[in-house]
Structure formats: C-alpha cells, structure tokens
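Colleague: Mind folding the following:
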Amino acid sequence: MMIKEYALSDFEIINQLMQTLTINSGNLVNIHAPTWIINSYQVLTKQRPKLKKVGIYVHITLKSFPITLSLDVSEQILNEYIQGIGWDDLQYVTFLKFHQDSLEFHLIFNRVMASGEVIDLNCLGAKSQQYDILQKSLINIIKTEARSQDRCSEL
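Modeller: Got it, this is the predicted structure:
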C-alpha cells in the first residue's frame, strides 16, 4: 500500500487522466459532463484568486489484495478513505485503474472549500493516520467479503 500526495498549480491532470481512465466518482462536480469538470473547479478556485497551488492530487496504490477488487469494493474503499481523512465535503473527482495484481486510485481535490476556506498544504505527505484509515477500510472489507462468501457456501 502506498499513498502519495502532491500540490497542483492547475487542474490539467484531470484532462490527462480522462484520456486513459474513466471517472469513478466525484463531489460538487457533474461527473456526467466531463468537459465541464475543470471549469467547475476553476469557478470555486476564483474565490481565492491569488492561490498558487489550487489543488491536491492523491495517488494510492494497493498491491496483492487478498480478495477480488470489484468496482463496488473499490468504491467502498475510496469512500471510507475520503470520509476518514475528513475531505468528503471538498470538491473532488476520482479515477480507478485496475491492474492484474494491483489497484490505483487517483483523487483530485480542490483546495478551496465552498465556504472559501483553503486546505493547508502543510497537511500534504501521507502520515500514519492516512495509512491507518486505509488499512482499517481494507480490513473491514475483507471481513465483510469473507462473511458474504461464507453465507454463499452455506447455500
């Protein structure tokens, strides 16, 4: 498991990710209108016009996972992680990339909140708390999947 976080000076990475990946989820954006996503980020960012680093890019990689990583399971991991770090009220868009032995999450957050406040960049750099939140989510999902498979085998 690896979490990397980067400050963004623009939201061009969204266009780059859309070239090869499908948008998975988002908050305060219309994921069904991908050409307008960056515009909606820029509208919110204009509340703080002198901000040099407007966004945060989080790249999470999970390897050697003990259960099948379906889209539903992946979304659950992602939602629990975003809620756990307390950024579920921010504007964000997420992408998933499945590999044979791993899964990548790409999350792009707007640093400017709807209230006009800004996420401090001093919080960048995954700390043990983020890893703990992700680990807890993974353990919960593994337990849930194991119980589900036990019920199926009883039938």
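Colleague: any idea which residue sits dead centre in this structure?
Modeller: Centre of the chain computed as the mean C-alpha position; nearest residue by CA atoms, centre = their mean is Leu107, 3.6 Å away.
Colleague: what's near enough to touch that residue?
Modeller: Counting by CB atoms under 8 Å, 6 or more residues apart in numbering, Leu107 makes contact with Tyr57, Val58, His59, Ile60, Leu78, Ile82, Tyr92, Val93, Thr94, Phe95. C-betas here are computed from N, CA, C, even on glycine.
Colleague: repeat for Lys53
Modeller: Counting by CB under 8 Å, 6+ apart, Lys53 has contacts Ala7, Leu8, Ser9, Arg111, Leu121.
Colleague: Can I get the contacts of Leu107 in CSV including pLDDT?
Modeller: What follows is these, written out as CSV (pLDDT from 0 to 100):
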residue, pLDDT
Tyr57, 97
Val58, 96
His59, 96
Ile60, 94
Leu78, 91
Ile82, 94
Tyr92, 96
Val93, 96
Thr94, 95
Phe95, 95
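Colleague: Sitting in strands, which of the residues you listed do you find?
Modeller: When DSSP state E defines the strands, the subset of the contacts of Leu107 inside them is Tyr57, Val58, His59, Ile60, Tyr92, Val93, Thr94, Phe95.
Colleague: For those, could you give me a markdown table that also reports neighbour count?
Modeller: Formatted as a markdown table, the entries for these read as follows, by neighbours: other CB atoms under 10 Å:
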| residue | neighbour count |
| --- | --- |
| Tyr57 | 18 |
| Val58 | 22 |
| His59 | 16 |
| Ile60 | 21 |
| Tyr92 | 21 |
| Val93 | 26 |
| Thr94 | 25 |
| Phe95 | 21 |
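Colleague: For the helix or strand harbouring Leu103, buried residues please.
Modeller: In this structure, Leu103 sits in strand 102-110 according to DSSP states H and E. Buried residues in strand 102-110, defined by neighbour count with 16 or more other CB atoms under 10 Å: Leu103, Glu104, Phe105, His106, Leu107, Ile108, Phe109, Asn110.
Colleague: Dump those residues into JSON lines; add pLDDT and distance to Ile3 as well.
Modeller: Rendered in JSON lines, the data for these read as follows (pLDDT from 0 to 100; distance: CB to CB, whole Å):
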{"residue": "Leu103", "pLDDT": "87", "distance to Ile3": "13"}
{"residue": "Glu104", "pLDDT": "92", "distance to Ile3": "11"}
{"residue": "Phe105", "pLDDT": "94", "distance to Ile3": "9"}
{"residue": "His106", "pLDDT": "97", "distance to Ile3": "12"}
{"residue": "Leu107", "pLDDT": "97", "distance to Ile3": "10"}
{"residue": "Ile108", "pLDDT": "97", "distance to Ile3": "15"}
{"residue": "Phe109", "pLDDT": "96", "distance to Ile3": "13"}
{"residue": "Asn110", "pLDDT": "96", "distance to Ile3": "19"}
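Colleague: Okay then, goodbye and thanks.
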